[in-house]
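S.K.: Quick one, what's the 3D model for this:
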Amino acid sequence: MPPKLSVNINKIATLRNARGHNRPDVVQAARDCERFGADGITVHPRPDERHIRYQDVRDLRLVVRTEFNIEGNPTPDFIELVLANAPAQVTLVPDAPDAITSNAGWDSVRHADFLRGVIARFKAAGIRTSIFVDPDPVQVSAAAATGTDRVELYTETYARGYHTDRAAAIAPFVRAAEAAAEAGLGLNAGHDLDLDNLGYFAHRIPNLLEVSIGHALICDALYLGLENTIQLYQRALGTPGRL
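M.R.: Coordinates of the predicted model:
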């Protein structure tokens, strides 16, 4: 099966918050993404609610019919939000409160005890867990000891190196994917994937289950339209039968 496409709708919330009121409507946008072919909806609420708000999570939980994925730093408030809304998946990301966007994966060796405790709470509630990690086989292998179901590879370095030497850029990710398979972990990926680099990545990373894409997809939608853009991303993932 080709990887699933989870659309991160944070940037739609950013646009709404810039003007106030409810335009664009985040909930309707999620419905439309699903109708246009998205396999899931991702949100990443931050403590300052500068894009997705905690209430958005509550509202979306009532309407999302595909896989709902909530990303974020597992602070006490975030943990309670996730447990109260029971998404299909929670993705743990070690982003600082003042970070513009996620910029590093977990040190799953150093933070193993902390992650193990948090993950146990989510798994007891029947929520699939994923840990955001750099493409390092050591970190991937160590993540397995936390009890997580999956890891999400942080793909910023791949995207940065793609146009210079794509074979070299993807090599660490292939090794990390192999380490995930050896450890019995499911594999997701995300960050700076776009229509230029997604196809090469998706067709060369073994056992890739899901990609989460937001910023680039929403930017493309400004020019190409949301429905067309989602279908183009699905095509890049190797699912022309959806078109």
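S.K.: Can you pull out the low-pLDDT segments for this protein?
M.R.: Scanning the chain for pLDDT under 70 picks out 96-103, 239-243.
S.K.: which residues of it fall in helices?
M.R.: Secondary structure of the chain (DSSP state H): helices at 10-19, 26-35, 54-61, 76-85, 112-124, 137-144, 156-161, 166-183, 198-204, 215-224, 226-236.
S.K.: Flag every buried residue along the fifth one.
M.R.: If you call a residue buried by 16 or more other CB atoms under 10 Å, then helix 112-124 has these buried ones: 112, 115, 118-119, 121-122. For glycine as for every other residue, the C-beta is placed from the backbone atoms N, C-alpha and C.
S.K.: which one among the residues you listed gets closest to Ala144?
M.R.: Nearest to Ala144 among the buried residues of helix 112-124, counting by CB to CB, is Ala112 at 10.2 Å.
S.K.: gap between that closest one and Val90?
M.R.: From Ala112 across to Val90, the span is 18 Å (CB to CB, to the nearest Å).
S.K.: try Leu209
M.R.: According to CB to CB, Leu209 and Val90 sit 15 Å apart.
S.K.: And Gly161, by the same measure?
M.R.: Using CB to CB, Gly161 is found at 29 Å from Val90.
S.K.: how many neighbours does His51 have?
M.R.: By other CB atoms under 10 Å, 23 other residues sit near His51.
S.K.: ok, now which ones touch it?
M.R.: By CB atoms under 8 Å, 6 or more residues apart in numbering, the residues touching His51 are 10-11, 13-14, 17, 44.
S.K.: change it to 6 Å
M.R.: 10, 13-14 (CB atoms under 6 Å, 6 or more residues apart in numbering).
S.K.: The residue nearest the centre of the chain bridge partners, please.
M.R.: Nearest residue to the geometric centre of the chain (CA atoms, centre = their mean): Ser212, 3.7 Å. Counting by DSSP bridges, Ser212 forms beta bridges with Ser6, Gly190.
S.K.: quick one: it and Thr42 touch, right?
M.R.: Yes - contact criterion CB atoms under 6 Å: Ser212 and Thr42 qualify, at 4.6 Å.
S.K.: Please enumerate the shared neighbours of those two.
M.R.: Shared contacts of Ser212 and Thr42 (CB under 6 Å, 6+ apart): 6, 8.
S.K.: measure the residue nearest to the centre of the chain to Pro3 for me?
M.R.: 10 Å.
S.K.: number of nearby residues for Leu81?
M.R.: Per other CB under 10 Å, the neighbour tally for Leu81 reads 19.
S.K.: Please apply the same query to the one 4 residues further on.
M.R.: When counting by other CB under 10 Å, one arrives at 18 neighbours for Asn85.
S.K.: Leaving out sequence neighbours, find the closest residue to Asn188.
M.R.: Once flanking residues are discounted, Asn188 sits nearest to Glu152: 4.0 Å by CB to CB, 6 or more residues apart in numbering.
S.K.: Can you tell me the closest non-neighbouring residue to Pro87?
M.R.: In space, and not counting its chain neighbours, Pro87 is closest to Phe68: 4.1 Å by CB to CB, 6+ apart.
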